[in-house]
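Colleague: Sharing a model that was predicted from the sequence below.
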Amino acid sequence: MEAILLVGGQGTRLRPLTISTPKPLLPTAGVPFLAHQLARARAAGVDRIVFATSYRAEMFEAAFGTRAHGVDLVYVSEDEPLGTGGAIRNAAGALTCGPDEPVLILNGDILSGHDVPAQVALHEEAGAAVTLHLTPVDDPSRFGCVPTDGEGRVTAFLEKTSHPVTDQINAGCYVFRRKAIDAIPEDEVVSVERETFPDLIESGAVVMGYVESGYWLDVGTPEAFVQGSRDLVLGRLASSAMPGEPGERLALERSRVSPGAVVRGGTAVGRGAVVEAGATVIGSVLLDEAFVAEGATVRDSVLSRGARVGPGAVLDGVVLGDGAVVGPGNELRGGVRVWPGIKLPPTALRFSTDA
């Protein structure tokens with residue numbers, strides 16, 4: 001089975017992490033985020049994936065080459081953003097399957113443990129044009145709301161609404177029949193959510209909803225990105241791509257965690273990163289060459305490449321860009337983001353975006 005992987009977004013909600021790296025390539029539990037998707041796709045029977053790229057397109061092939069995790073890889077780029085539907089149609093030119101074959105569509109910012117083979121099986125049994133993975137959530141008003149009838153057929157596709165009629169949302173994984181992709185207008189900006197799916201439903205085409213309430217996470221914000229990495233390290237979602245066994249922490253080669261440091265809660269410690277004695281790091285992501293000094297506390301935060309936290313500093317829910325420095329005694333909380341290269345001098349600064 002072939003798949004298209006949508007990885008063209010700029011990841012603006014994740015800045016400054018995405019200034020130099022596309023969101024799908026951010027290190028997550030020790031490897032690029034997409035490595036987990038590639039491994040799961042292979043386990044589901046996918047043997048060839050077309051990357052639909054745009055932002056920093058060249059970095060994807062540099063990261064994965066033409067084959068990774070047992071899957072052959074092809075890369076197709078957009079000159080101008082074409083929307084979700086336009087990106088799928090643009091990438092379809094590199095598919096090799098016939099018009100009635102299923103094509104799996106994956107979003108490059110979704111971490112999911114749902115049963116992909118079961119979704120494909122439902123698609124085939126129903127003879128559907130498209131089958132969407134749907135998942136129930138507590139607050140569906142934040143997402144695309146997708147009601148289904150008693151047979152699982154999608155009856156409407158309602159983008160974010162303050163009065164949702166169901167708790168089922170679009171979870172961002174689709175199975176298209178190849179000819180349904182070919183029917184999307186070529187070289188045009190098209191949204192599958194606002195145009196393709198509603199048009200198919202209105203035309204009477206079979207659009208099915210595969211409902212599963214397993215692990216699902218949109219990693220598009222810093223908080224969700226940290227949660228996704230933490231969940232993978234802790235083993236809440238299994239991934240054969242993770243370079244180590246699940247546990248309280250994942251420490252990559254050349255990292256150094258002092259025996260006198262407390263590092264737990266699903267923390268990932270990148271290559272060459274250092275955590276000194278007396279430091280505490282809980283549920284965080286430390287990228288390569290990051291440094292946490294003695295007595296510092298880091299919780300639910302991301303330290304980008306070469307970022308440094310001085311002695312006694314406190315970070316809680318903070319993102320440090322590449323090479324950012326937090327001097328001794330600073331206290332940063334509640335979603336503070338420090339841009340690459342910024343250096344906060346030694347001080348007793350206390351700052352929170354909630355203040």
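Modeller: Great, that's in hand. As the structure is a prediction and not an experimental result, all values here were calculated from the model.
Colleague: Let's verify residue 87: helix, strand, or coil?
Modeller: Secondary structure assignment for residue 87 (DSSP: H, G, I helix; E, B strand; the rest coil): helix.
Colleague: beta partners of the nearest residue to it once chain neighbours are set aside?
Modeller: Sequence neighbours aside, residue 52 is the residue nearest to residue 87 in space, at 4.5 Å (criterion: C-beta to C-beta, 6 or more residues apart in numbering). Backbone N, C-alpha and C define where each C-beta goes, glycine included. Here residue 52 sits in beta bridges with residue 6, residue 76, as judged by DSSP bridges.
Colleague: gap between residue 52 and residue 15?
Modeller: Residue 52 sits 22 Å away from residue 15, going by C-beta to C-beta, to the nearest Å.
Colleague: What of residue 130?
Modeller: For residue 130, the distance to residue 15 (C-beta to C-beta) stands at 33 Å.
Colleague: Mind checking which of the two has more residues around it?
Modeller: Using other C-beta atoms under 10 Å as the criterion, residue 130 and residue 15 rank with residue 130 on top: 25 against 16.
Colleague: show me what contacts the more buried one?
Modeller: Taking C-beta atoms under 8 Å, 6 or more residues apart in numbering, we find residue 130 in contact with 123, 174, 175, 176, 177, 180, 196, 197, 200, 205, 207, 208.
Colleague: Now it: phi and psi?
Modeller: Dihedral pair for residue 130: phi -150, psi 140, per degrees, to the nearest 10.
Colleague: If we only consider the contacts of residue 130, which is nearest to residue 157?
Modeller: Within these, the smallest distance to residue 157 is 4.4 Å, found for residue 197 (C-beta to C-beta).
Colleague: Surely that closest one and residue 156 touch.
Modeller: No - assessed by C-beta atoms under 8 Å, residue 197 is found out of contact with residue 156, at 9.2 Å.
Colleague: what ranges do the helices span in the stretch 201-350 of the chain?
Modeller: Here the stretch 201-350 of the chain has its helices, by DSSP state H, counting those that start in this stretch, at 222-234.
Colleague: Would you quantify the distance from residue 70 to residue 104?
Modeller: To residue 104, residue 70 is 15 Å away according to C-beta to C-beta.
Colleague: Now do the phi/psi pair for the residue lying closest to residue 110 once chain neighbours are set aside.
Modeller: Nearest non-adjacent residue to residue 110, counting by C-beta to C-beta, 6+ apart: residue 172, 4.5 Å away. When read as degrees, to the nearest 10, the backbone of residue 172 gives phi 80, psi 10.
Colleague: where's residue 172 relative to residue 151, distance?
Modeller: Distance, residue 172 to residue 151, using C-beta to C-beta: 23 Å.
Colleague: more crowded one of those two?
Modeller: Neighbours were tallied for residue 172 and for residue 151 using other C-beta under 10 Å; the higher tally belongs to residue 172 (22 against 9).
Colleague: who's in contact with the more buried one?
Modeller: Residue 172 makes contacts with 106, 107, 109, 110, 112, 133, 218, as judged by C-beta under 8 Å, 6+ apart.
Colleague: If anything else comes up later, I'll come back, but that's it for now.
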